[in-house]
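Visitor: this one's sequence-less:
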C-alpha cells in the first residue's frame, strides 16, 4: 500500500491521499502523540513525524519503523491481549464521541463561554479516538502476517481469498447496511411498480427512513449535507437498471473445517474479524460525529460573523480562542488555506500552516522529494473479473458526477460517500488498499472487478484513457487515450 519516496534524510512514506478541511483534520489526527496513546491505551505509541500536504499524507520512515518496533515489542511481552485491549478501549471512546456529539445541539443557544468549554471537551474526545487512526496499520499488518503464515504452512493456494473469508466481520458495517437498504428499496419498487417521479407516498417514506438512518454518510470530511431525496432517487434509478447477481460470501464453515485451526489460530482469526470491523467503524464514527456537530458549527460561524466554509478552515484551537474573544477570526489565514495548506504532528507538537510557511516547510523537509513510477500498473486482486472502460479519476466527492455507466473508477482509495458513483462504474482501481479496505468489500458486494494497491494509478492514468482492468492477474493495461 505504501509508496517509498526520498526527501532529505527523512525517507518519506506516502500513506494515503485524502482531501480534508483543517478543522476535521485537526480533530481526527492530533491524538497521534505519546501523550494521548499513553492516556487512552496505556502505551506510548505516538508517531514521531506525520505530515499532511494539500491532500497527501506522509510519515517519515524512521517514525514508521519506530512504531512497528514498539508494537512488535508490545506483542512479544503481552501477546494478543494487547490488541484486544486496544480494540475494547477504542470502542469505548467511539461510543463516548457519538454520545458527546449528539449533545452538541444542547449548546446552540448557550453562551460563548459554555460553547467554548464544550468544544474543548469534544476536541479531546476526537483526539482520543484519533489514537486509532494510524495504529490500526501495524495491528492489521501483524494480524494479516499471522493468518497468511499459517495458511502457507498448511499448504493453501488461494491465500488472498481465504484471508478475506477468514477475516470478514461477523456483523455488517454501516456502509454495507446502507447498500443493502438501497437494494431492498429497489426491490420493493419492482414488486410494487412504484413511480420514481417523487409522487409515491410509500416510496417517499422509505427514502426518508433511509436518509434518517444513513444520510450522514455523505457528510464525509467536510461536514457536508446528508444525502437528499434527489440523490437517493438517482441511485435507485441506476440500481433498477443493474442486471447482476449478488456476490455470495459463503465458505467460512467449510474452510474452517478444512484448516483444522489450533486454539491460538482461532483466536487470531476472531481478533482479526473484530479488527476488520473496527477499521471501517472508526471512520464511520468520525464522520457521523462531525455530521452531528453541524448545527453547532453553523451557530459558531454565525457568532464569529464568518461563513460555514470559512469556519471549517480554522483549527479547533482557533475556534475556541475566537469564542473566548482571544482571537479575531478575520486575522486567521483562512483564504490562504483555501488555496493550499499543510499540517504536521512532530514529537508531540501539532501545527497547521499555509502561505509562505507552507512553502518554507516543503523546502525544509521535502526539497529532495522524488517519485519514480514503472510502466506497468500492478496490484492486488480484490474481486476477480476482467473489464474494459474509460478512466475517471475520483479524488473527492466533487469528482463523482463525472463517473458514468461502464466507466472505470480510479481513486487513491474509496470512501463511503463514493458509493453512488461506484454503483455506476464497471470496475475499480486504487492506489492504496489491503484485502479488508472499503473498496475491496464494496467490489465484492457489487461483484465488480477490482485491483487495489497499485500505488500510483491516479498518477499514471488520466481521465479519458481506455483501460483494461485484469482482476485475474492484478494488472491494469492502458489500451489507448480516448
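Guide: Sure, I can see it. All of these numbers come straight from a predicted model, not from anything done at the bench.
Visitor: name the helix or strand for the closest residue to residue 192 other than its chain neighbours, please.
Guide: Excluding its sequence neighbours, the residue lying closest to residue 192 (Cβ to Cβ, 6 or more residues apart in numbering) is residue 202, at 7.4 Å. To be clear about C-beta, it is placed using only N, CA and C from the backbone, and glycine gets the same treatment. According to DSSP states H and E, residue 202 maps onto helix 201-214.
Visitor: one more: residue 52?
Guide: Here residue 52, judged by DSSP H and E, is contained in strand 49-53.
Visitor: sec struct for the nearest residue to residue 436 once chain neighbours are set aside, please.
Guide: What sits nearest to residue 436 in space, not counting adjacent residues and going by Cβ to Cβ, 6+ apart, is residue 276, at 4.6 Å. Recorded secondary structure, residue 276: helix (DSSP: H, G, I helix; E, B strand; the rest coil).
Visitor: my guess is residue 276 contacts residue 165, does it?
Guide: No - contact criterion Cβ atoms under 8 Å: residue 276 and residue 165 do not qualify, at 11.6 Å.
Visitor: what about these two, which has more around it?
Guide: residue 276 (26 against 16; other Cβ atoms under 10 Å).
Visitor: show me what contacts that one?
Guide: By Cβ atoms under 8 Å, 6 or more residues apart in numbering, residue 276 lies in contact with 167-169, 436.
Visitor: against residue 434, how distant is it?
Guide: Residue 276 sits 10 Å away from residue 434, going by Cβ to Cβ, to the nearest Å.
Visitor: quick one: low-confidence parts of the stretch 201-350 of the chain?
Guide: The model of the stretch 201-350 of the chain has pLDDT under 70 over residues 242-251.
Visitor: show me where it has its strands.
Guide: In the stretch 201-350 of the chain, the segments counted as strands under DSSP state E, counting those that start in this stretch are 341-346, 349-354.
Visitor: which residues outside the helix holding residue 202 are in contact with it?
Guide: Here helix 201-214 makes contact (Cβ under 8 Å, 6+ apart) with 174, 177-178, 181-182, 185, 188-189, 192, 194-196, 198, 226-229, 232-233.
Visitor: for it, buried residues please.
Guide: 203, 206-207, 210-211, 214 (16 or more other Cβ atoms under 10 Å).
Visitor: and those residues as CSV, adding distance to residue 404?
Guide: What follows is the buried residues of helix 201-214, written out as CSV (distance: Cβ to Cβ, whole Å):
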residue, distance to residue 404
203, 25
206, 26
207, 23
210, 24
211, 25
214, 24
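Visitor: domain parsing for this protein?
Guide: 3-144+281-366, 174-241, 377-481 (automatic domain parsing).
Visitor: identify, out of those, the most deeply packed stretch.
Guide: domain 377-481 (a mean of 21; mean count of other Cβ atoms under 10 Å).
Visitor: give me the mean pLDDT for that one.
Guide: Over the span of domain 377-481, the pLDDT mean works out to 91.
Visitor: roughly how far is that domain from the heart of the chain?
Guide: Counting by Cα atoms, centre = their mean, to the nearest Å, domain 377-481 is centred 16 Å from the centre of its parent chain.
Visitor: okay, the closest residue to residue 220 other than its chain neighbours and residue 218: tell me how far apart.
Guide: In this structure, residue 220 finds its nearest non-sequential neighbour in residue 417, 4.7 Å apart by Cβ to Cβ, 6+ apart. According to Cβ to Cβ, residue 417 and residue 218 sit 5 Å apart.
Visitor: can you check residue 176 too?
Guide: 16 Å.
Visitor: what's the answer for residue 83, then?
Guide: Distance of residue 83 to residue 218, given as Cβ to Cβ: 32 Å.
Visitor: nearest to residue 255, of the domains of the chain?
Guide: Nearest to residue 255 among the domains of the chain is domain 377-481; the distance by Cβ to Cβ comes to 15.0 Å.
Visitor: where exactly do the helices run in the stretch 251-400 of the chain?
Guide: 252-259, 263-292, 294-304, 308-311, 316-323, 334-339, 355-366 (DSSP state H, counting those that start in this stretch).
Visitor: any chance of those helices in CSV, with distance to residue 155 too?
Guide: Listed next are the helices of the stretch 251-400 of the chain as CSV, based on distance: least, Cβ to Cβ, whole Å:
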stretch, distance to residue 155
helix 252-259, 10
helix 263-292, 15
helix 294-304, 53
helix 308-311, 57
helix 316-323, 53
helix 334-339, 55
helix 355-366, 46
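Visitor: nearest to residue 429, of these?
Guide: Nearest of the helices of the stretch 251-400 of the chain to residue 429, taken as Cβ to Cβ: helix 263-292 at 20.3 Å.
Visitor: on that earlier part again, correct me, but the residue nearest to residue 220 touches residue 215?
Guide: No - checked against Cβ under 8 Å, the pair residue 417 and residue 215 is beyond contact range at 10.8 Å.
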